[in-house]
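>>> just coords:
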């Protein structure tokens, strides 16, 4: 059974800092891994999707990596801004079950 | 193009009542999935429909049911509401069957409160 864990649950950093959010999954038979952003009380916005055959994806100040062998993915945010404050969720897509399994999320606060 | 839309945005019900939530996918998307997100947790998969057929079901009781219409919109129904059903219900659409793992686009959600 796939389980996805995100550590830490919450993170507070000063503006301008580079930071890394961690995601681990127990079943390496994933089809892809997605990172989402969720603002309070809102839906999810897809940030990056990494296929199982890929090692990383980049979009602007965001870079996500995937290491299937170790069951880990990281989301790197460069030069953080107060507007980056949100909850970040990772989700593993299992080709066996055909569904996304989400972690609990990391709530990020970037202080001006 | 409009994104995924959900209605209503907020809903308050009492225990034992029935609720119907609605979702319209992005134009051209044929797959709709439903998720339940309890406060402070990640979303939990409830159902996935593709081409009007159920393609996946999560670990939810039979009080939860769903269907997809010919225009690919979808309804999620919950009977005999419990306090624990209070959550944000998210709908996601994707272009193809969920088995291909293409990007899922989420709607803003319906906030259900059961009193």
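Yep, that arrived. All values reported here derive from a predicted model rather than from experimental measurement.
>>> Can you list the strands that the helix or strand of chain A with the lowest mean pLDDT pairs with?
The weakest-scoring helix or strand in chain A, judged by mean pLDDT, DSSP states H and E, is strand A:99-102 (a mean of 89). In the sheet, strand A:99-102 lines up against strand A:86-94 (antiparallel) (DSSP bridges).
>>> Give me the contact list for the strand it pairs with.
With C-beta atoms under 8 Å, 6 or more residues apart in numbering or on different chains as the test, strand A:86-94 has contacts from A:2, A:4, A:6, A:21, A:23, A:25, A:27, A:29-40, A:44, A:47, A:73, A:75, A:99-103, A:105-108, B:42-43, B:101. The way it works is simple: take the backbone N, C-alpha and C, and place the C-beta from them, glycine included.
>>> can you list the residues of chain B near chain A?
B:4, B:33, B:35, B:40-45, B:48, B:55-56, B:58, B:88, B:90, B:92, B:97-101, B:103-109, B:111 (C-beta under 8 Å from any C-beta of the partner chain).
>>> Which of those fall within helices?
Counting by DSSP state H, the residues of chain B next to chain A place none of their members in helices.
>>> For the residue sitting nearest the centre point of chain B, give the beta-bridge partners.
Central residue of chain B (C-alpha atoms, centre = their mean): residue B:34, 2.9 Å from the mean position. Beta-bridge partners for residue B:34, by DSSP bridges, are residue B:47, residue B:91.
>>> so what's the residue of chain B at minimum distance from chain A up against?
Closest residue of chain B to chain A, C-beta to the nearest C-beta: residue B:42 (3.3 Å). Counting by C-beta under 8 Å, 6+ apart, residue B:42 makes contact with A:4, A:89, A:91, A:102, A:103, A:104, A:105.
>>> of all those, which two lie farthest apart?
Pairwise distances across these peak at 11.2 Å for A:91 and A:104 (criterion: C-beta to C-beta).
>>> and which of the contacts of residue B:42 is nearest chain B?
Ranked by distance to chain B (C-beta to the nearest C-beta), the contacts of residue B:42 are led by residue A:102 at 3.3 Å.
>>> Return the distance of the residue nearest to that closest one when sequence neighbours are not counted relative to residue A:5.
Ranked by C-beta to C-beta, 6 or more residues apart in numbering or on different chains and with sequence neighbours excluded, the top spatial neighbour of residue A:102 is residue B:42, at 3.3 Å. Distance, residue B:42 to residue A:5, by C-beta to C-beta, to the nearest Å: 10 Å.
>>> Give the residues shared as contacts by these two.
Shared contacts of residue B:42 and residue A:5 (C-beta under 8 Å, 6+ apart): A:103, A:104.
>>> Just give the number of residues close to residue A:35.
When neighbours are defined as other C-beta atoms under 10 Å in any protein chain shown, residue A:35 has 24 of them.
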